[in-house]
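Colleague: Just to be clear, the model below is a prediction. Sequence and coordinates:
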Amino acid sequence: MRRIVRRLLDIRLPKSRSAFLWGPRKVGKTYWIREYFKQPKVKIIDLLQSDVFAEFASQPHLLRERWNGEFTVIDEVQKLPPLLDEVHWLIENKHAQFLLTGSSARKLRRGHANLLGGRAWRYEMGPLSFQEVQGFDIEEIMVRGLLPPHFLSEDPLMDLRSYVADYLKDEIAIEAAEQNLPAFADFLRVAALTNGELINFSNLGREVGVSPKVARSYFEILEDTLLGARLKPWTKAKNRRMIQTEKFYYFDVGLANYLAKRTPKLGSFEFGKSFEHFILMELLNYGKYRNPELEITFWRTSTSLEVDFILNNMEVAIEVKGKSRVTSTDLKTISLLNEEHRPKKALVVSLEREIRRVSRSITICPYKVFLEELWAGDLL
């Protein structure tokens with residue numbers, strides 16, 4: 001039975017310190033707020049409630065006038081940027097504490113809203129992780145993804161369809177309104193088809209009928225709205241020419257596969273790419289919740305030799321193989337990287353059932369064991 005057992009996000013603010021909590025729609029911010037802040041002295045202002053929004057939209061000063069010393073949470077703060085001036089005043093003059101949540105700071109930045117000038121810490125919430133759920137089926141996850149309502153849904157494809165139609169092609173597309181909405185909608189699909197591959201703005205722009213500059217701006221929209229992230233290449237090799245181009249990944253594997261119209265099956269090439277994407281999602285969540293300084297890159301040479309993930313400048317090298325039997329052929333690239341750069345750990349994360357040490361420095365690791373070590377803090 002699928003269920004959410006806990007969320008790993010933990011926000012403990014010192015006295016008089018405030019914070020922003022960012023995360024895409026449907027990752028569970030509002031539910032987490034109501035579960036985490038059950039104390040009677042916490043006030044929650046939900047701007048998704050139309051009457052609450054209308055009241056504060058017409059009279060932002062009500063926030064200041066009604067404040068009574070309580071810790072205050074403002075949910076979806078990007079919907080009402082003028083409130084941030086009142087928040088700023090209360091922080092400066094009353095030492096008030098706030099948690100301000102939102103799905104994107106893009107609208108605030110574009111409107112030159114008050115982002116509190118470093119007076120608030122920054123947190124992020126991502127999709128569900130392996131450690132937060134029960135009833136985990138790896139093949140099923142590639143289709144339904146790890147957004148809480150999709151993970152729990154009896155009809156995840158219908159939920160994904162609604163998410164794309166109501167959110168991506170409506171609200172997010174507004175960010176591209178001054179450009180070309182049909183092209184942006186097509187861009188979402190093409191970006192999913194090239195998910196996890198090197199970004200080529202010229203080819204992608206040609207595919208959707210826009211210039212490379214516009215294609216670049218579309219990626220920036222997805223990043224600013226937290227719907228995707230670029231992964232930088234590791235470029236510190238001294239004796240080998242390395243690629244300089246970044247990759248792009250959507251924030252959720254189920255969303256990427258839905259947009260690309262893929263249903264990955266175990267043993268397929270598509271499953272292997274999706275499995276790699278899933279492992280990256282876990283690494284990104286670990287960075288958000290446990291290790292904000294975690295650096296994730298990938299290793300790729302000009303001759304297309306590639307290892308999927310490098311953590312903290314060769315502290316850990318990770319090759320991901322979505323297969324139940326890793327062969328010597330699968331080890332060639334990570335073996336080469338290991339010889340040249342000597343990472344502290346070299347791992348092949350796979351669907352094998354037991355750990356195998358194929359050399360003194362390379363270990364084949366079942367993905368569940370890998371994730372347990374990651375979240376226990378034993379990997380780094």
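Modeller: Noted; the coordinates are in hand. Residues are numbered from 1 along each chain as shown.
Colleague: rest of the way, CA atoms for contacts and neighbours
Modeller: Will do.
Colleague: starting at the chain centroid, how far to stretch 310-328?
Modeller: 20 Å (CA atoms, centre = their mean, to the nearest Å).
Colleague: what do you get for stretch 282-291?
Modeller: Per CA atoms, centre = their mean, the centroid offset for stretch 282-291 relative to its chain is 9 Å.
Colleague: got it, and stretch 229-241?
Modeller: Using CA atoms, centre = their mean, the offset of stretch 229-241 from its chain centre is 21 Å.
Colleague: What of stretch 30-50?
Modeller: Offset of stretch 30-50 from its chain centre (CA atoms, centre = their mean): 23 Å.
Colleague: Enumerate the positions of that stretch that are buried.
Modeller: Under the neighbour-count criterion of 16 or more other CA atoms under 10 Å, stretch 30-50 has 30, 33, 43-47 buried.
Colleague: In terms of distance to residue 219, which of those ranks first?
Modeller: residue 30 (26.5 Å; CA to CA).
Colleague: Once you drop chain neighbours, what's closest to that closest one?
Modeller: Excluding its sequence neighbours, the residue lying closest to residue 30 (CA to CA, 6 or more residues apart in numbering) is residue 75, at 7.1 Å.
Colleague: do residue 338 as well
Modeller: Residue 338's closest residue in space is residue 346 (CA to CA, 6+ apart), at 7.0 Å.
Colleague: Listing partners with orientation, what would you give for whichever strand or helix holds that neighbour?
Modeller: For residue 346, the host element (DSSP states H and E) is strand 345-350. Sheet pairing here is set by DSSP bridges, and for strand 345-350 it gives strand 316-320 (parallel), strand 362-366 (parallel).
Colleague: Residue 265: what's it in contact with?
Modeller: Listed by CA atoms under 8 Å, 6 or more residues apart in numbering, the contact set of residue 265 reads 139, 271.
Colleague: what secondary structure does it sit in?
Modeller: coil (DSSP: H, G, I helix; E, B strand; the rest coil).
Colleague: Residue 322 versus that one, what's the distance?
Modeller: Note on residue 265: its distance to residue 322, by CA to CA, to the nearest Å, is 10 Å.
Colleague: Same check on residue 58?
Modeller: Distance, residue 58 to residue 322, by CA to CA: 54 Å.
Colleague: Give me the more crowded residue out of those two.
Modeller: residue 322 (22 against 9; other CA atoms under 10 Å).
Colleague: That one contacts residue 350, doesn't it?
Modeller: Yes - applying CA atoms under 8 Å as the test, residue 322 and residue 350 come out as touching, 5.5 Å apart.
Colleague: how distant is stretch 208-223 from the center of its chain?
Modeller: On CA atoms, centre = their mean, the centre of stretch 208-223 falls 19 Å from that of its chain.
Colleague: which residues sit against it?
Modeller: Outside stretch 208-223, the residues touching it (CA under 8 Å, 6+ apart) are 172, 175-176, 179, 183-184, 186-187, 190, 201-206, 228-230.
Colleague: Those residues in strands, which ones?
Modeller: Secondary structure assignment by DSSP state E places 228-230 of these in strands.
Colleague: Identify the residue nearest the geometric centre of this structure.
Modeller: residue 251 (4.2 Å; CA atoms, centre = their mean).
Colleague: Outline the domain layout of this structure.
Modeller: Using automatic domain parsing, the domain parsing of the chain gives 3-124, 130-376.
Colleague: Buried deepest among the ones you listed, which one?
Modeller: domain 130-376 (a mean of 18; mean count of other CA atoms under 10 Å).
Colleague: Quick one: distance of that one to the chain centre.
Modeller: 10 Å.
Colleague: If anything else comes up later, I'll come back, but that's it for now.
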